[in-house]
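In: Make a model of this:
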Amino acid sequence: MIDPLLKRLRMRDDVSDAEEMTLREAIRERRALQAGEVAVREGEQLNVSILLLSGFMARYKDLQDGSRQIIELNVPGDFVDLHGFTLKRLDHNIAAMTACQIGLVTHEALKRIAEDHPHLTRLLWFMTNVDAAIHREWVLSLGRRTAQHRMAHLLCELHARLKAVGAVEADCTFSMSIRQVDLADCLGLTAVHVNRVLHELRERGLVEMQRGQIIVTNPPALRQLANFDDSYLYLERHPA
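Out: Numbers count the residues shown, from 1 in each chain. This is a model prediction of the structure:
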């Protein structure tokens with residue numbers, strides 16, 4: 001069940017058999033979440049961190065008027081709130097965007113990893129740094145990219161992140177049964193605008209949507225439209 005995490009880490013560096021066993025043993029509980037279920041609420045005290053095993057989750061901030069801004073989508077293999085280990089509470093909420101399977105790792109287990117496995121600890125720290133890089137790219141999208149470029153960039157990002165964990169078929173197709181209203185909250189748009197932008201991308205022959213799946217029909221053209229550079233995802237091999 002932790003194969004997506006291991007694939008992601010092994011793109012960056014070697015993971016020994018002992019380190020793999022440590023990660024597997026650290027997950028003491030697995031849990032299923034329904035779409036829309038809140039896993040972590042802003043301000044609550046934390047003693048576990050969440051590893052996403054399947055599905056999509058999201059970090060988001062609420063406003064007093066009931067609106068929200070999604071600030072990152074999480075894919076299988078992500079430690080959704082690893083930073084909660086040191087912070088002990090979050091300044092945002094985390095919820096399932098689709099049906100999800102998660103693994104819970106206690107902060108005591110993370111403390112033992114930090115004390116006994118320095119190389120593995122550096123790999124996990126790397127993951128939190130990539131989260132920060134993703135946040136910076138999303139800020140750029142919200143502040144400077146057009147609606148069409150925001151959508152194209154998000155689809156390119158998800159394609160790259162899912163491909164890294166083996167969740168893209170034939171180099172072009174991945175599951176994304178996320179509602180358009182949720183995509184709107186990712187992109188700072190209305191659901192109507194999201195629908196219009198997706199239609200524009202289909203008309204240009206760049207993507208297709210079929211029963212909860214995204215088919216990137218022309219990856220080079222979509223990347224060119226988005227001006228997408230995956231360097232902020234740090235997918236290259238670089239031993240820690």
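In: Can you give the contact residues for the least confident helix or strand in the chain by mean pLDDT?
Out: Per-element confidence for the chain was summarised using mean pLDDT, DSSP states H and E. The lowest value among helices and strands belongs to strand 207-210, with a mean of 92. Strand 207-210 is contacted by residues 155, 198, 201-202, 214-217, 222 when judged by C-beta atoms under 8 Å, 6 or more residues apart in numbering. In this view, the C-beta of every residue, glycine as well, is placed from N, C-alpha and C.
In: Now the residue nearest in space to the middle of the chain. Nearest residue, chain neighbours left out?
Out: Residue closest to the mean C-alpha point of the chain, counted by C-alpha atoms, centre = their mean, is residue 74 at 2.2 Å. Using C-beta to C-beta, 6 or more residues apart in numbering and skipping residues adjacent in sequence, the residue nearest residue 74 is residue 57, 4.3 Å away.
In: Which parts of this protein are helices?
Out: When secondary structure is read from DSSP state H, the chain shows helices at 3-12, 17-26, 84-87, 107-116, 118-144, 147-164, 180-187, 191-203, 219-226.
In: The shortest one: which residues count as buried?
Out: Going by neighbour count (16 or more other C-beta atoms under 10 Å), the buried part of helix 84-87 is 84-85.
In: And it, what does it pack against?
Out: Other helices and strands packing on helix 84-87, by 3 or more C-beta pairs under 8 Å, 6 or more residues apart in numbering; DSSP states H and E, are helix 107-116.
In: try it again with 7 Å
Out: Secondary-structure packing of helix 84-87 (3 or more C-beta pairs under 7 Å, 6 or more residues apart in numbering; DSSP states H and E): no helix or strand packs against it.
In: What average pLDDT does it get?
Out: Looking at helix 84-87 alone, the average pLDDT works out to 97.
In: for the last one, same thing?
Out: The predicted model gives helix 219-226 an average pLDDT of 97.
In: domains for this structure, by residue range?
Out: The chain resolves into domains spanning 3-138, 146-233 when parsed by automatic domain parsing.
In: starting at the chain centroid, how far to the first one?
Out: On the basis of C-alpha atoms, centre = their mean, to the nearest Å, domain 3-138 is displaced by 9 Å from the centre of the chain it belongs to.
In: The shortest one too?
Out: Distance of domain 146-233 from the chain centroid (C-alpha atoms, centre = their mean) equals 14 Å.
In: Over to it now: how far is its first residue from its last?
Out: Counting by C-alpha to C-alpha, to the nearest Å, you get 21 Å between the two ends of domain 146-233.
In: ok, now stretch 39-54?
Out: Stretch 39-54 stretches 14 Å from its first residue to its last (C-alpha to C-alpha).
In: which ones are touching residue 50?
Out: 39, 80-81, 102, 104 (C-beta atoms under 7 Å, 6 or more residues apart in numbering).
In: again, but for residue 52
Out: Under the criterion of C-beta under 7 Å, 6+ apart, the neighbours of residue 52 are 74-78, 80, 100, 102.
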